[in-house]
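**Q** please find the sequence and the predicted model below.
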Amino acid sequence: MVSIGGETSELTANDFWEGVVDVERLNKLFLEYKSNKKMKKYIEERTFALDFAKKAFKGVLDKGGKPYIDHCKRVGLISYSDSLSEYAFYKELEEAEFLATEIGIAGMLHDVVEDTCISIETIELLFGKEVARLVDLVTRKDENTF
């Protein structure tokens with residue numbers, strides 16, 4: 001189990017790429033953010049995105065028989081954590097949080113358009129142009145074979 005700012009994830013430390021994510025530093029940053037009113041909106045946005053993804057993949061299992069949402073949460077958390085640890089070194093903390101939140105939400109929603117009836121336009125309406133652009137970048141198109 002990994003705890004970031006008191007929130008526990010089922011991910012283990014092995015799920016993080018060695019040397020990429022500084023969990024201790026992220027813990028400190030997250031605690032700072034939780035006490036900052038400006039940052040609370042980013043936490044709410046991530047919570048909304050998680051609830052949205054849970055509804056989109058309700059009852060869907062992966063090839064191993066586990067809830068598919070676990071994959072989405074893992075991609076979202078790794079995307080967010082990696083982005084925050086990267087941006088926090090050379091951006092203002094609020095800007096770093098904003099950018100990492102968008103990337104984390106896009107990571108969490110990366111399969112929604114591809115695997116459900118939800119459109120990229122719906123993603124843009126709910127989460128903004130940049131999140132929609134990022135989701136669209138990783139969404140398989142009919143002409144793609146990956």
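**A** Structure's in. What do you need?

**Q** CA atoms for contacts and neighbours, from now on please.
**A** Noted.

**Q** what's the helix or strand for the residue lying closest to residue 110 once chain neighbours are set aside?
**A** Counting by Cα to Cα, 6 or more residues apart in numbering, residue 135 is the residue found nearest to residue 110 once chain neighbours are left out, at 5.2 Å. Using DSSP states H and E, residue 135 maps to helix 129-137.

**Q** show me what counts as buried in that helix.
**A** Using 16 or more other Cα atoms under 10 Å as the test for burial, helix 129-137 gives 131-132, 134-136.

**Q** tell me which of those residues is nearest to residue 75?
**A** Nearest to residue 75 among those: residue 135, at 12.2 Å, using Cα to Cα.

**Q** which residues does the closest one contact?
**A** Residues in contact with residue 135 (Cα atoms under 8 Å, 6 or more residues apart in numbering) are 106-107, 109-111, 113, 120.

**Q** out of those, who has the most neighbours?
**A** The most crowded member of these, judged by other Cα atoms under 10 Å, is residue 106 (30 neighbours).

**Q** quick revisit: take the contacts of residue 135 and write them to JSON lines, including pLDDT and distance to residue 61.
**A** Formatted as JSON lines, these follow (pLDDT from 0 to 100; distance: Cα to Cα, whole Å):
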{"residue": "106", "pLDDT": "95", "distance to residue 61": "20"}
{"residue": "107", "pLDDT": "93", "distance to residue 61": "18"}
{"residue": "109", "pLDDT": "94", "distance to residue 61": "16"}
{"residue": "110", "pLDDT": "91", "distance to residue 61": "16"}
{"residue": "111", "pLDDT": "92", "distance to residue 61": "13"}
{"residue": "113", "pLDDT": "90", "distance to residue 61": "17"}
{"residue": "120", "pLDDT": "92", "distance to residue 61": "23"}
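
**Q** tell me the two of those residues that are most distant?
**A** Top of the distance list for the contacts of residue 135 (Cα to Cα): 107 and 120, 14.1 Å.

**Q** can I get the helix holding residue 135 in PDB? Just the C-alpha atoms.
**A** The C-alpha coordinates for helix 129-137 follow below in PDB (Å, rounded to 0.1, in the frame of the first residue of the first chain):
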ATOM      1  CA  LYS A 129      -9.800  21.100 -23.900                       C
ATOM      2  CA  GLU A 130      -6.400  20.000 -22.600                       C
ATOM      3  CA  VAL A 131      -7.600  16.900 -20.900                       C
ATOM      4  CA  ALA A 132      -9.600  16.000 -24.000                       C
ATOM      5  CA  ARG A 133      -6.600  16.600 -26.200                       C
ATOM      6  CA  LEU A 134      -4.500  14.300 -24.000                       C
ATOM      7  CA  VAL A 135      -7.100  11.600 -24.000                       C
ATOM      8  CA  ASP A 136      -7.600  11.900 -27.700                       C
ATOM      9  CA  LEU A 137      -3.800  11.500 -28.200                       C
END
